[in-house]
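> My questions are about this predicted structure, shown below with the sequence.
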Amino acid sequence: NTFHCYKGGPAEGEGQETGGCPLYSHPANLKDNRDCVLCMTCLKACPHRSVQLNLRAPGVDFGFPFLFPVPGTASASEH
C-alpha cells in the first residue's frame, strides 16, 4: 500500500529510508531479472517485508530451459 519499494520514502516499520528503485521498476511487476540490477533497494525499503529474492537456474530467463531443466517442470521430466 505504501509503494516504498518503488518510490522510496522515510523509514517506516521494518523498512529503511531510501530513494526508491534506481530503475523505476516495481518489484511486483518484474517477471524476470532483465529489468533489475539487484541493488536490493526495494528489499531494504519495504516496511511490510513483502519483497523476496528467489534464485533460479542460470539461463532460464534467456529461454534455455532445455540446457538447465528446472525440477518440477515439463522440461525436467523430458531429461
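Looks like it arrived, so ask away.

> Around C5, count how many other residues there are.
When neighbours are counted by other C-beta atoms under 10 Å, C5 registers 25. All C-beta spots, glycine's among them, are computed from the backbone N, C-alpha and C.

> gap between the residue nearest to it when sequence neighbours are not counted and A11?
Nearest residue to C5, sequence neighbours excluded (C-beta to C-beta, 6 or more residues apart in numbering): C42, at 3.7 Å. From C42 across to A11, the span is 15 Å (C-beta to C-beta, to the nearest Å).

> circling back to that earlier point, you'd agree the residue nearest to C5 is in a strand?
No - secondary structure of C42 (DSSP: H, G, I helix; E, B strand; the rest coil): helix, not part of a strand.

> need the contact list for it.
C5, Y6, C21, P27, V51 (C-beta atoms under 8 Å, 6 or more residues apart in numbering).

> Out of the residues you listed, grab the one that's most surrounded.
Once you tally neighbours by other C-beta under 10 Å, C5 ends up highest among these, having 25 neighbours.

> contacts for the host helix or strand of that one?
Here C5 sits within helix 4-7, counting by DSSP states H and E. Outside helix 4-7, the residues that touch it by C-beta under 8 Å, 6+ apart are 12, 15, 18, 20-21, 24-27, 41-43, 45-47, 50-51.

> from these, which ones fall inside helices?
Using DSSP state H, the members of the contacts of helix 4-7 that fall in helices are T41, C42, L43, A45.

> Pick the one among the residues you listed closest to R34.
Closest approach to R34 among the ones in helices among the contacts of helix 4-7 (C-beta to C-beta): C42, at 15.8 Å.

> Let me have the contacts of C42 in a markdown table, adding distance to F62 as columns.
Formatted as a markdown table, those follow (distance: C-beta to C-beta, whole Å):
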| residue | distance to F62 |
| --- | --- |
| C5 | 26 |
| Y6 | 26 |
| C21 | 23 |
| P27 | 21 |
| V51 | 24 |
